[in-house]
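> I'd like to go over a predicted model; first the sequence, then the structure.
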Amino acid sequence: MSIRIVPVEQLAERQAASLDIIPLLLPQPATLYRQRAARLQQLAAGHVMADYLQLASRIAEAQQQLVHSQPVLLPLREDYFRQCAEHGLPPLGAMAWQRDGQWRQLLLALCQQLSATASPAVQQVLAQLQAAPAEQHEKAAQALLSGDLAAVDSGQAPFIWAALSVYFSQLAGQLKIAAVAEPGDARHLCPVCASAPVASIVHQGNEAGLRYLHCSLCESEWHMVRAKCSNCEATRDIGYWSLQEAHDAVRGESCGDCGSYLKILSLDKDQQAEAVADDLASLALDAALEEQGFARSGLNPLLFPG
Amino acid sequence: MQVNRRQFFKLCAGGMAGSTIATLGLLPEKAMADVRSYKLMRASETRNTCPYCSVGCGILMYSLGDGAKNAKSEIFHIEGDPDHPVNRGALCPKGAGLVDFIHSPNRLKYPEVREAGSNEWKRLSWDEAFTRIAKHIKQDRDANFTEKNADGVTVNRWLSTGFLAASASSNEAGWLTHKFTRSLGMLAVDNQARV
């Protein structure tokens, strides 16, 4: 893995200069879901998918409340983290990490919180989730985290994923680790939890102009060079697609070599753009790119394919 | 080492029938029709090196069009490459004006010559230009090449002509520059290292 997670005390000796690009930005779950909820609300106004964006906004808002009402603490597994670092494995590998039952409590609390304002169809899904036994939740979580999306009902998946995300993002936010960039390009998955990204974000401020991939599960962001396929690293035939202006805040980055695309958000065009929200609100671009023969290589946690 | 690439999805295929949005009963009928009202545009971002000085700043060039053979693509924006180790996205004022340099009507597009004693520039073909330069080089070298110095030691040098190479030269261009100049015995070789 070319972004390597090392114990924090090793950072000083490995980092050459302060001008180096920061390879990994750990999540800040204390505010991120609220920002997402607000952005979804903003995008919903006048949108053809307004109802759905509003539901998505309520899910994100419920996630934020859970971060504050039921905080998750990172277990003391120093040996485990050290071993991960030694072997170049992600410290919170979504499949490898032994989850405790707390994520299921988060799921039940999330369902309860949402059911009050939900439509009948959504209420039905929430009721099914609340009634399901713990083993079924674990089985569904394992299937989703391993990428077997077809095994889980697409209506239930966003709620299960939302609870998992609240759990993993808080763990990731507390990691005492540092990341160093190493030669090699294997940056297609999150270096913290090995999940797929939602979208690319071209940052402003200290990281102005740099592209970071936003993790669909733990909400970390990791750096990847621009004008390059984030899935297969080819540079030969990269296209930037947009529906309005040539340089929209939301564009699709396609690769002629592997046939995939991922959205890329430019914060210099729209400061408030947010990975999950803006990706969800630009579904028309997905449809247009699919018509061009490309397939999506990113996962939006609030919209699962059938 | 992680070698598996990411999973691919088709979100909109089949009118999104099995997706979350349909399962939760929130698929608006006109959502997919909405797509038709937009015009899809393709642009490119191409990495290159600024041509001006030997600092060699990385640049990203934005162009419209898909690079297809018969379609004319046009560069509409140039910025510093934020990933480039030399300039990390920054450009000097001259580099920042590159897009105007590319589209400048005053840009030199073909060889021209101003004959000695004339104040007029005359257009000539690339072949004529190369032949002319080669003739000048040969003439000067024939007249001034030194095979042996005063002590009779073989030196094979040619001091009356110098060579100024470009700034943004690759290793390969540098190799060719040396191959060309040194094999003629030329000693004065420099690169355009400053703006």
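Good, I have the coordinates. Computed from a predicted structure; not experimentally measured.
> that's a helix at B:Gly15, yeah?
Yes. The assignment for B:Gly15 is a helix, going by DSSP: H, G, I helix; E, B strand; the rest coil.
> burial of it, as a residue count?
Applying other CB atoms under 10 Å in any protein chain shown, we find 14 residues neighbouring B:Gly15. The way it works is simple: take the backbone N, C-alpha and C, and place the C-beta from them, glycine included.
> and stretch A:102-117, what's its mean pLDDT?
For stretch A:102-117, mean pLDDT rounds to 97.
> low-confidence ranges in chain A?
Low-confidence segments of chain A (pLDDT under 70): A:1, A:9-19, A:185, A:246.
> contacts only, for whatever residue of it ends up closest to chain B.
Closest residue of chain A to chain B, CB to the nearest CB: A:Gly306 (1.7 Å). Counting by CB atoms under 8 Å, 6 or more residues apart in numbering or on different chains, A:Gly306 makes contact with A:154, B:14, B:16-19, B:22-23.
> next one: A:Pro120
Contacts for A:Pro120 (CB under 8 Å, 6+ apart) come out as B:Gly25.
> which element is B:Ala188 on?
For B:Ala188, the element it lies in under DSSP states H and E is strand B:186-191.
> neighbouring strands - and their directions - for that strand?
According to DSSP bridges, strand B:186-191 has the following sheet partners: strand B:154-165 (parallel).
> phi and psi next, for the closest residue to chain A within chain B.
With CB to the nearest CB as the measure, B:Gly18 is the residue of chain B nearest to chain A, at 1.7 Å. Backbone torsions of B:Gly18, given as degrees, to the nearest 10, read phi -90, psi 0.
> residues contacting it?
For B:Gly18, the contact set (CB under 8 Å, 6+ apart) comprises A:154, A:305-306.
> all strands for the chain, in order.
All of this is about chain A. Applying DSSP state E to chain A gives strands spanning A:3-7, A:24-25, A:177-181, A:197-202, A:211-215, A:221-223, A:238-242, A:250-255, A:260-266, A:295-296.
> think we crossed wires, I meant chain B
Under DSSP E, chain B gives strands at B:41-49, B:58-64, B:74-80, B:112-113, B:122-123, B:146-148, B:154-165, B:186-191.
> could you report the neighbour count for the closest residue to A:Ala127 other than its chain neighbours?
Nearest residue to A:Ala127, sequence neighbours excluded (CB to CB, 6 or more residues apart in numbering or on different chains): A:Ser115, at 7.3 Å. Using other CB under 10 Å, A:Ser115 has 16 neighbouring residues.
> where's A:Ser115 relative to B:Ile59, distance?
54 Å (CB to CB, to the nearest Å).
> interface residues of the stretch 51-200 of chain A facing chain B?
By the rule CB under 8 Å from any CB of the partner chain, the part of the stretch 51-200 of chain A lying against chain B is A:51-52, A:55, A:88, A:119-122, A:125, A:147, A:149, A:153-155, A:157-158, A:186, A:188-189, A:194, A:196.
> 6 Å instead, please
A:51-52, A:121-122, A:147, A:154-155, A:158, A:186, A:188, A:196 (CB under 6 Å from any CB of the partner chain).
> follow-up on the earlier one: the residue nearest to A:Ala127 touches A:Leu126, doesn't it?
Yes. Counting by CB atoms under 6 Å, A:Ser115 touches A:Leu126, with 4.6 Å between them.
> about what we covered before: can you say which of the contacts of A:Gly306 are buried?
A:154, B:16, B:18-19, B:22-23 (16 or more other CB atoms under 10 Å in any protein chain shown).
> redo these as TSV? Include distance to A:Lys269.
Listed next are the buried ones among the contacts of A:Gly306 as TSV, based on distance: CB to CB, whole Å:
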residue	distance to A:Lys269
A:Ser154	31
B:Met16	27
B:Gly18	33
B:Ser19	28
B:Ala22	31
B:Thr23	33
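> list just the nearest of the residues you listed to B:Phe9.
B:Ser19 (9.7 Å; CB to CB).
> can you tell me the closest non-neighbouring residue to that closest one?
Counting by CB to CB, 6+ apart, B:Ser19 lies nearest to A:Gly306, which is 4.8 Å off, once chain neighbours are set aside.
> just to revisit the earlier point, how about the strands of chain A, which one is nearest B:Val86?
Proximity to B:Val86 (CB to CB) singles out strand A:177-181 among those, at 16.8 Å.
> pull the number of nearby residues for residue 85.
Unless you meant another one, I'm taking chain A. With neighbours defined by other CB under 10 Å, the count for A:Ala85 comes to 17.
> chain B was what I was after
Per other CB under 10 Å, the neighbour tally for B:Pro85 reads 10.
> same thing with the one 5 residues further on?
The local packing count at B:Ala90 equals 16, with neighbours defined by other CB under 10 Å.
> over to the one 4 residues further on?
Using other CB under 10 Å, B:Lys94 has 12 other residues around it.
> any idea how far it lies from B:Cys50?
B:Lys94 is 8 Å from B:Cys50, by CB to CB.
> and A:Leu285, what is it in contact with?
A:243, A:252 (CB atoms under 6 Å, 6 or more residues apart in numbering or on different chains).
> can we see that at 10 Å?
Applying CB atoms under 10 Å, 6 or more residues apart in numbering or on different chains to A:Leu285 gives the contacts A:241-244, A:248, A:250-252, A:261, A:263, A:279, B:12, B:35, B:38, B:40.
> repeat that for A:Ser115.
Contacts for A:Ser115 (CB under 10 Å, 6+ apart) come out as A:122-127, A:129-130.
> mind checking which of those residues land in helices?
A:122-127, A:129-130 (DSSP state H).
> for these, which one is nearest B:Ser73?
Distances from B:Ser73 to the ones in helices among the contacts of A:Ser115, taken as CB to CB, are shortest for A:Val122 (46.8 Å).
> residues contacting A:Ala281?
Neighbour list for A:Ala281: A:39-40, A:42-44, A:47-50, A:52-53, A:56, A:250, A:273-274 [criterion: CB under 10 Å, 6+ apart].
> buried only: go through the residues you listed for me.
The neighbour-count test (16+ other CB under 10 Å) applied to these identifies A:39-40, A:43-44, A:47-49, A:52-53, A:56, A:250, A:273-274 as buried.
> quick check: nearest residue in space to B:Thr23, chain neighbours excluded?
That would be A:Gly155: by CB to CB, 6+ apart, it lies 3.5 Å from B:Thr23.
> count the neighbours of the one you found for me.
So A:Gly155, with other CB under 10 Å, has 23 neighbours.
> surely it touches A:Leu129?
Yes. A:Gly155 lies in contact with A:Leu129 (CB atoms under 10 Å); the separation is 9.3 Å.
> returning to that earlier point: quick one: contacts of the strand holding B:Ala188?
By CB under 10 Å, 6+ apart, the list of residues contacting strand B:186-191 from outside reads B:53-54, B:137, B:141, B:145, B:155, B:157-169, B:173-174, B:177-178, B:180-182.
> quick check: mean pLDDT across that strand?
The model assigns strand B:186-191 a mean pLDDT of 92.
> buried ones in that strand?
Going by neighbour count (16+ other CB under 10 Å), the buried part of strand B:186-191 is B:186, B:191.
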